[in-house]
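Trainee: kindly generate the corresponding structure for this input.
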Amino acid sequence: MKNIKFSILFIWFFLLCLLLPQHEADAKNTYEGKCGPNAYWKYDNNSNTLTITGTGEMTSCAWMDDDDIPDYMEKAVIAEGITSICHSAFSPESAERDVFLSKGITLPSTIRSIGDYAFAYSDLEKINIPNAEISMGKGVFKGSSLSAITIPEGTTRIEAETFMECQNLEAVKLPSTVTYIGDCAYAESGLEELVLPDHVKELGAEVFRDCYSLKKASLSGITNLPSGTFDSCHILKKVTLSGNMTAIGDRAFQFCGKLETITLPDGLRSVGKKAFSYCLALKKLRLPDTVTTIGKKMMADCVSLKKITLSKNLSVIGEGAFSDCISLKAISIPDSVEKIKKNAFEDCASLTKLIIPRGVKEILPCHQNCPKLHKIINNSNTAYSLSASKQVMNWYCGKKKVKTVKAGETVTGKGKVFRITYDRKMLKKYKFKIKGKLPSRYTYGKEPKLPQNITCGKKQYCFIGWRYQSSKKKFRTGAVRTWYGIWTKKFSPGVKGNLTVRPMVCNWKIDFIDKKEKQIAINIKKYWKLSYKMAEIKEYAKAISGIYENDDFDSQIRYADNKKMKHASSYTIRDFGDFDVYNAKKGKTYYVQFRIVPREGWFYGIPYKTCWSQKIKVKMK
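Mentor: Numbers count the residues shown, from 1 in each chain. Got it, this is the predicted structure:
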């Protein structure tokens, strides 16, 4: 009897164990709660769908606080009667990508407002806004996967950051009623071509900043281009501005590294600070006669600029306005100019003559690092100090040595002589063989020539170029920069000061020879450490890529079975220090060279190429 009772109890216990897990699973199939005074939410775990029902405002989003729901929610349905979506209602912080709202969301016709960042960083790809009466907050779709959106006719504003970081959004489609686009509305998005219709009259700041895929832009209705509008649109090549535009703001086209052409409309009155700085491909520009002031560094680092036509009514040339315009050979300054600020023509490496016009009443030192500038003509009634070049040039008025260009005078300059010293201990230690003479002196403006046939005689070492410093200044060594740490066989144009030069060497070894794969693997020790000591490179890197990272450089390798490197095979890799010879034939001798270079597109117009290393001789056994 006891056995029978025990058996019955065991069976009941067993059935209970079977039923309990199923009950718990059923309980987890749905989650629900309240999200407003009269609004309710329910999440179905089977369909991965959230449904919101009721009436009135949505004031909370408890489902986003759950550990699991945001990771699996694929769809949301908001029923008729709901009038608002709260702040960050569908903005996951750590949801799995390609899942959250990937099947979309349905909005009711009763919706009247969408809160800030409501769908930010979701995987929402498409959405239909049901009516124009909806007011949307800031950054509603920021960072989402949105690729298509229907904005209803009657909508008048696109708010700040609305489509910021939407990388899948390739085009702007606006109804005819939109007149305003807010700050950063499309910044960092995937736009490829931009045509803003006439009805868009006003933009916020940095609306299209960092649109790395944008190639063309047309703004027919905008009369005032705000600050940073196209800042860092690195592949933007062509821009069409409104004929009624009156102002271009600060940094409007800064770092548009491939901007080749732009026509400034007649009637333009002002151009802001750094408006075109680092437009590395821009070769010419005309400032209409309505422009009276050039802002600080307006065209700084426009390294391809060869021709600039200034306004006949220009009164002020701002600080550093044309600094680092290394291709600019001549500039005609109109008589209307009254003030020339400091460093206006700093590092204009090709400028040969500076004429100070009659109207100038104030001029600060502005011709630093202009190695080809040997004549200054002062037609004004204001004396000009030559202090900007006193360390590198001697100036003469006739035969008299002078420090100032007086009113009505002309002066000519001669470069000073500087010393070059070498690291003789290294030359001896690594048994260097140099065909030709190492220069010991040079005159400013006339760059010394280094011998090109240089080899390191020490076994398992090779010469990879020179590194030099100017008067203990590591980085800038002239009007045209040579980067301390990039290997070179020549000095930078405009190099100045006493130079200290040292040879760079790399230790190499053969890691292995694979006869079956026909491969020789070569390892270069401490390659990265030797190659990567760059500082000012950051600014030029941003001009094209927008990013400065440790992997922004490539190694180039070439090899051939002859010393002259005819028909050399070559390849580029991101890795540093390990190079391979492929398809190596048995018994053949190969010559290998390598160098490090910035990624393709960087330094457009800037001398940056490094020299090839000494040839390494290897043999396939």
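Trainee: mind pulling up the pLDDT for the closest residue to residue 362 other than its chain neighbours?
Mentor: Distance criterion CB to CB, 6 or more residues apart in numbering; nearest residue to residue 362, sequence neighbours excluded, is residue 339 at 4.7 Å. Glycine gets a C-beta too; all of them are placed from N, C-alpha and C. Per-residue pLDDT puts residue 339 at 97.
Trainee: kindly report the same for residue 539.
Mentor: For residue 539, the predicted pLDDT is 46.
Trainee: so residue 435 sits right up against residue 451, yeah?
Mentor: Yes: the criterion here is CB atoms under 8 Å, and residue 435 meets it with residue 451 at 5.9 Å.
Trainee: neighbour-wise, which of those two wins?
Mentor: residue 451 (12 against 9; other CB atoms under 10 Å).
Trainee: low-confidence regions, the protein specifically.
Mentor: 1-28, 94-97, 472-487, 526-553, 575-576, 598-609 (pLDDT under 70).
Trainee: distance of residue 427 from residue 525?
Mentor: As judged by CB to CB, to the nearest Å, residue 427 and residue 525 stand 20 Å apart.
Trainee: which of those two has more neighbours?
Mentor: Of the pair residue 427 and residue 525, residue 427 is the one with more neighbours under other CB under 10 Å, namely 17 against 13.
Trainee: OK, contacts around that one?
Mentor: Listed by CB atoms under 8 Å, 6 or more residues apart in numbering, the contact set of residue 427 reads 434, 503.
Trainee: that older thread, now the residue nearest to residue 362: phi and psi?
Mentor: phi -130, psi 130 (degrees, to the nearest 10).
Trainee: I'd say it and residue 319 touch.
Mentor: No: between residue 339 and residue 319 there is no contact under CB under 8 Å: 10.3 Å.
Trainee: if I look at residue 215, how far off is residue 495?
Mentor: Taken as CB to CB, the span from residue 215 to residue 495 is 37 Å.
Trainee: more neighbours: the two, which one.
Mentor: Using other CB under 10 Å, the more surrounded residue of residue 215 and residue 495 is residue 495, with 26 against 15.
Trainee: what's the helix or strand for that one?
Mentor: Using DSSP states H and E, residue 495 sits in no helix or strand.
Trainee: also residue 354?
Mentor: In this assignment (DSSP H and E), residue 354 forms part of strand 353-356.
Trainee: can you pull the buried residues of that strand?
Mentor: The neighbour-count check on strand 353-356 (16 or more other CB atoms under 10 Å) flags 354, 356 as buried.
Trainee: which strands or helices does it pack on?
Mentor: strand 375-378 (3 or more CB pairs under 8 Å, 6 or more residues apart in numbering; DSSP states H and E).
Trainee: mind listing what the helix or strand following the strand it packs on pairs with, with the direction of each?
Mentor: Heading C-terminal from strand 375-378, the first helix or strand you meet, by DSSP H and E, is strand 384-385. Strand pairing for strand 384-385, using DSSP bridges, gives strand 404-405 (antiparallel).
Trainee: give me the residues contacting the strand it pairs with.
Mentor: So strand 404-405 is contacted by 356, 376, 378, 383, 384, 385, 386, 395, 397, 411 (CB under 8 Å, 6+ apart).
Trainee: which ones are touching the first one?
Mentor: What that stands for is residue 356. 333, 340, 363, 376, 377, 378, 379, 380, 382, 384, 405.
Trainee: can I get those residues in TSV including neighbour count?
Mentor: Putting those into TSV (neighbours: other CB atoms under 10 Å) gives the following:
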residue	neighbour count
333	19
340	27
363	23
376	21
377	15
378	23
379	16
380	23
382	17
384	24
405	23
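Trainee: using JSON lines, lay out the residues you listed together with distance to residue 621.
Mentor: Formatted as JSON lines, these follow (distance: CB to CB, whole Å):
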{"residue": "333", "distance to residue 621": "69"}
{"residue": "340", "distance to residue 621": "69"}
{"residue": "363", "distance to residue 621": "71"}
{"residue": "376", "distance to residue 621": "66"}
{"residue": "377", "distance to residue 621": "70"}
{"residue": "378", "distance to residue 621": "73"}
{"residue": "379", "distance to residue 621": "75"}
{"residue": "380", "distance to residue 621": "76"}
{"residue": "382", "distance to residue 621": "77"}
{"residue": "384", "distance to residue 621": "71"}
{"residue": "405", "distance to residue 621": "71"}
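Trainee: in the longest strand seen in the chain, what's buried?
Mentor: Counting residues, the longest strand found in the chain (DSSP state E) is strand 499-514. Neighbour-count burial for strand 499-514, with 16+ other CB under 10 Å as criterion, is recorded at 499, 500, 501, 502, 503, 504, 505, 506, 508, 513.
Trainee: just stretch 379-395 next, same as before
Mentor: Applying 16+ other CB under 10 Å to stretch 379-395 flags 379, 380, 382, 384, 386, 388, 389, 392, 393, 394, 395 as buried.
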